[in-house]
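Visitor: give me coordinates for this.
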Amino acid sequence: SSDIILYAYDNFLTCSDEEPITITINSTSISLGNDTTICFGNSITLDPGSGFTSYLWSDNSTNQTLNVSSSGTYSVDVTNYGLNMVSNGDFELGSQNFNTSYVPGNGGAWGLLSNEGTYAVTTSPSLVHNNFAPCADHTTGSGNMLVVNGSSIPNQDIWCQTFNVTPNTDFEFSTWLMNFDAINPAELSFYINGVQIGPNFNPLNAGCTWENFFETWNSGANTTATICIVNQSTAVGGNDFALDDISFTPLCVYTDDIVVTVQQLPIVSAGNDVQQCNDGSTVTLTGSGANVYSWDNGVLNNTPFVAPLGTSTYTVTGTDLIGCVNTDQVDVVVTPLPSIDAGLDQIVCDGFSVLVNGSGGVNYSWSNSILDNVLFTPPLGTTTYTVTGTDANGCDNTDDLNITVNPLPIIDMSLDTSICNGNNVELFADTNGLLVEQFTMTFDAAFSYSTINTSLPGNYYVVVSGTYTAVGMPLIRDAAYNFGNNPPNQAFDWK
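Guide: Numbers count the residues shown, from 1 in each chain. Modelled structure (predicted):
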């Protein structure tokens, strides 16, 4: 773009004048950017830039920007208006620079424009016709306009101008129209190079209301254009109107398109829910379905960690190579260990069977190859048995019990003997140094003595029960000693 000054001289180069001319070259381009990919659920705003006269998108919307969220090819045509090529389109130079089939107003009973087929340039219609309203021009409200008393002859030129044009260029032919008669309004059309452009146009209002009409024309192979506003009304009365701000403007149209692809979100999986026993073992969470994963609660992908007791929910965020993101969740349930009880320690005599029962779980297994709730005979001495109990969640715990097996006491009785009728014999029992609580020698009735005198024939036996206070402690007694009601302190019973 540049400013050019035209200098004019007379033949003698003594008188001169100058006129500045501004030449504007609209040369630009637009860009919607490179083809792009967005993630499902997101959108992108397409914007060719500001400063253009108009915008037309492929969906026929006309805003500067277009928000899209689905795959497709989107295009936009932006238009910039060039400089108006019409000279004196606002009629501020009066009746100059246009051609017409009408004649200037020549007066009559209603004023300057009393006759059909006449025109006048004025600041108000009422100044040239007594029946026309006092209205202002469109340009400034105080300037000129072209007021016409239309004839009933169609296809007569109201206004024409001729220009040099660039081939294959779009132009907009536009005018502002004011109508004075509601019954027989003006009916006009645009012509370029003798060909009508667009349909006839009629104003919707009557009075001091300006209405805009325009058509778009492509120059094709033409290098010149004669543009005209032509009367099409055949009404004898009415058809009175005004024109102002006529323009013939080149339209610089720029086009661009962009392909938008919507990428589906990755199908991210956090894995199956995890049930873990509170035994200190670790949990490893691994995401799948994307390329990069991040977990909440400080968890690292595919890295073991110890989860707290109870139910914890962990969320993984997976990102694919495009940058699309999705999430998934997994629950980690850490259950407490069962409280397993093997039962009380037991003391039995050698040869006796024992029954053990675990509690606090659902299933039990014992060490030393014994079975829960099944009788077995333990060996002499003290043996530790461990029970492993498992609950309904599959968690297990252990407990121990001790089973002590004591040897049977060695008891000596008097030797078999024979006595004469009427004599007595003293029988005794000896525990060989084992401290016992009580002797019971039984025949027909029980006795609580370690010795008895009897004269009755029969088989005598002794049952010893009591308590060890110390293994091998000697018993200080005589042959007839009875513990009576004062037994030694008991440590454990055995029978």
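
Visitor: burial check on residue 127, number of neighbours?
Guide: 15 (other CB atoms under 10 Å). In short, each C-beta sits where N, CA and C put it, glycine included.

Visitor: what's near enough to touch it?
Guide: 111, 112, 134 (CB atoms under 8 Å, 6 or more residues apart in numbering).

Visitor: so for the second one, what's the pLDDT?
Guide: According to the prediction, residue 112 has pLDDT 96.

Visitor: just give the number of residues close to it.
Guide: Neighbours of residue 112 using other CB under 10 Å come to 20.

Visitor: gap between it and residue 174?
Guide: 27 Å (CB to CB, to the nearest Å).

Visitor: now do the first one
Guide: Taken as CB to CB, the spacing of residue 111 relative to residue 174 amounts to 29 Å.

Visitor: closest one of the contacts of residue 127 to residue 182?
Guide: residue 134 (17.2 Å; CB to CB).

Visitor: so that closest one is in which element?
Guide: Residue 134 belongs to no helix or strand when assigned by DSSP states H and E.

Visitor: what about the closest residue to it other than its chain neighbours, which SS state?
Guide: Using CB to CB, 6 or more residues apart in numbering and skipping the chain neighbours, the partner closest in space to residue 134 is residue 126 (4.0 Å). When classified by DSSP: H, G, I helix; E, B strand; the rest coil, residue 126 comes out as helix.

Visitor: for the closest residue to residue 155 other than its chain neighbours, list each beta-bridge partner.
Guide: Closest residue to residue 155 apart from its sequence neighbours, by CB to CB, 6+ apart: residue 230 at 5.9 Å. Beta-bridge partners for residue 230, by DSSP bridges, are residue 157, residue 189.

Visitor: residues near residue 230, how many?
Guide: 19.

Visitor: these two touch, right, it and residue 156?
Guide: Yes - contact criterion CB atoms under 8 Å: residue 230 and residue 156 qualify, at 6.7 Å.

Visitor: which helices and strands sit right next to the longest strand seen in the chain?
Guide: The longest strand of the chain (DSSP state E) is strand 240-263. The helices and strands touching strand 240-263, judged by 3 or more CB pairs under 8 Å, 6 or more residues apart in numbering; DSSP states H and E, are strand 36-39, strand 72-81, strand 145-149, strand 156-164, strand 170-179, strand 224-231.

Visitor: what's the model's confidence in the fourth one, averaged?
Guide: Okay, so that is strand 156-164. 96.

Visitor: where in the protein is pLDDT low?
Guide: The chain contains residues with pLDDT under 70 at 1-2, 24-28, 411-414, 423-495.

Visitor: can you pull out the helices in it?
Guide: Counting by DSSP state H, one finds no helices in the chain.

Visitor: make JSON lines out of the helices and strands packed on strand 240-263 and add distance to residue 293.
Guide: Listed next are those as JSON lines, based on distance: least, CB to CB, whole Å:
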{"stretch": "strand 36-39", "distance to residue 293": "17"}
{"stretch": "strand 72-81", "distance to residue 293": "32"}
{"stretch": "strand 145-149", "distance to residue 293": "73"}
{"stretch": "strand 156-164", "distance to residue 293": "68"}
{"stretch": "strand 170-179", "distance to residue 293": "55"}
{"stretch": "strand 224-231", "distance to residue 293": "67"}
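
Visitor: most tightly surrounded among those strands?
Guide: Highest mean neighbour count among those (mean count of other CB atoms under 10 Å): strand 145-149, with a mean of 28.

Visitor: contacts for it next, please.
Guide: Strand 145-149 is contacted by residues 91, 102, 105, 113-123, 125, 128-129, 132, 137-138, 158-159, 178, 239-244 when judged by CB under 8 Å, 6+ apart.
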